[in-house]
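Novice: here you go, sequence then predicted model.
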Amino acid sequence: MQLSVPTLYVVIFANFLALGLVWLHFTRSYPNFTAARYWTAFGFVAAAGAAFSFLRGIAHPLLPVLVGNGLLILSGGFAWMGVRRFYGRPIPWRTSIAVTLLSVCVLAVLTLWYDDIRMRIVVYSIGQCIPLALSTWDIHRTREWRKSPGARLAAGMTLVVIAVHAIRSMVSLLHFDGETTIVGFNAFQAVCLLLLVFAAMMANFGFVLMAIDRLRAEVAELALIDDLTGIANRRHFLVRLSEACARASRTNEPFALLILDLDGFKAINDSYGHGAGDECLRIFTRAVPLRLGDDDLFARSGGDEFCVLMPSTSLSDAALVARNLIKACRKTLVLWNGRQISFTVSIGISAWSSEIAHDPHKLIAEADKALYVAKKQGRDRLAVYEEMTDRLRESA
């Protein structure tokens, strides 16, 4: 039994056109998600290739064989480019174009000088499998692919496409499938084409899931970032502080907390404007991390108040860091409309103890009390929570 080749390619055209339209909408909705542009090209280029392949038996064989198959091979290159862009890697333009041109040249030879449809099937399969295999490799060598259902689906379905191409080529070379012509595929070849379309669509759904997972992660990350300064916000800080308290309760390893408050910040806003105040906050948040450790969390808790969570840090070490921060702020100048603005910072310090246990708010309250003392004593200084200091003296 032979199936109509034009009918098969109408099905292929409709499916890839739908995928291209889906990705086009995605691209317009999320213009910064550049991987979607390559997957949009993948859908439309594959649809164009199917449209040209529809002309088998109608136009000269070179048009469907070279242009149609060439576009379908190139579409695999665009799918690979989308994967590369998704993971922030260089776009393989040269490799994709080279594979396409080489495949088209060999197909031309097998059409004009040595007409062999079975060898053309093999060449076409190899041309499509090269970029798809490379895209699967790029997905598998990422750390997060096992945690991403979309990446697993895309990689798995791409492997299915490669397997179907391999089986199709082998059966074709061994003549196990019956008669095959340019206008009429046998049942086996027709089923292979339908399987390829199905697997390609499922791989595209994997790409969609990858995109959704990435966008969801970006939204979750933005929810933990302060808009003005770009550092962690209060929500992020409280989550990490709760985790630190729970961990300290298990290990009995203390950690320190700093609460920083810019001195006279209201006066800066009143004298220079809120724009100047915002610039002071941005300059301040760029200066502080330079004096902190890699594991320390610097967060804005609100207004001109900031927090530093310092894992595995003693009270004395935290005080040393606080002194360095105070000295650094004294030397920091902000240029605003031709004028120099200076500011200082007051810091309250507390450290976790068994009395605090799992309650992070107790630790915050102790640091707040120390900050109040620093402010009351004249600002531009640090203060350590007094009861904590007394406990340390008693234990010594």
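Specialist: Okay, I see it.
Novice: is residue 253 in a helix, a strand, or coil?
Specialist: The three-state assignment at residue 253 reads coil, by DSSP: H, G, I helix; E, B strand; the rest coil.
Novice: wouldn't it be in contact with residue 312 here?
Specialist: Yes. Under the criterion of CB atoms under 8 Å, residue 253 makes contact with residue 312 at 6.2 Å. (Each C-beta comes from the backbone N, C-alpha and C, glycine too.)
Novice: now do the phi/psi pair for the residue most central in space within the chain.
Specialist: To find the centre residue of the chain, average its C-alpha atoms and take the closest one (CA atoms, centre = their mean): that gives residue 214, at 5.0 Å. In terms of degrees, to the nearest 10, the main-chain angles of residue 214 are phi -70, psi -40.
Novice: show me the contacts for it.
Specialist: Counting by CB atoms under 8 Å, 6 or more residues apart in numbering, residue 214 touches 33, 86.
Novice: pLDDT score for it?
Specialist: If you check residue 214, the pLDDT there is 86.
Novice: how is the chain carved up into domains?
Specialist: Domain ranges of the chain: 2-222, 234-395, per automatic domain parsing.
Novice: can I get the ones you listed in JSON lines with distance to residue 228?
Specialist: Conversion of the domains of the chain to JSON lines gives the following (distance: least, CB to CB, whole Å):
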{"stretch": "domain 2-222", "distance to residue 228": "13"}
{"stretch": "domain 234-395", "distance to residue 228": "6"}
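Novice: check contacts around residue 88.
Specialist: Residues in contact with residue 88, defined by CB under 8 Å, 6+ apart, are absent; none qualify.
Novice: and it, which of the three is it?
Specialist: Three-state secondary structure (criterion: three-state DSSP) places residue 88 in coil.
Novice: phi first, then psi, for it.
Specialist: On the backbone of residue 88 - angles per degrees, to the nearest 10 - the values are phi 70, psi 30.
Novice: ditto for the one 5 residues further on
Specialist: Here is the backbone geometry of residue 93 (degrees, to the nearest 10): phi -60, psi -50.
Novice: gap between it and residue 74?
Specialist: Residue 93 sits at a distance of 11 Å from residue 74 (criterion: CB to CB, to the nearest Å).
Novice: more crowded one of these two?
Specialist: For residue 93 and residue 74, the more surrounded residue by other CB atoms under 10 Å is residue 74, and the numbers stand at 25 against 10.
Novice: so the more buried one is in which element?
Specialist: Assessed by DSSP states H and E, residue 74 sits inside helix 69-86.
Novice: run the chain-centre distance for that helix.
Specialist: Helix 69-86 has its average C-alpha position 20 Å from the chain's average C-alpha position, going by CA atoms, centre = their mean, to the nearest Å.
Novice: thank you kindly, that will do.
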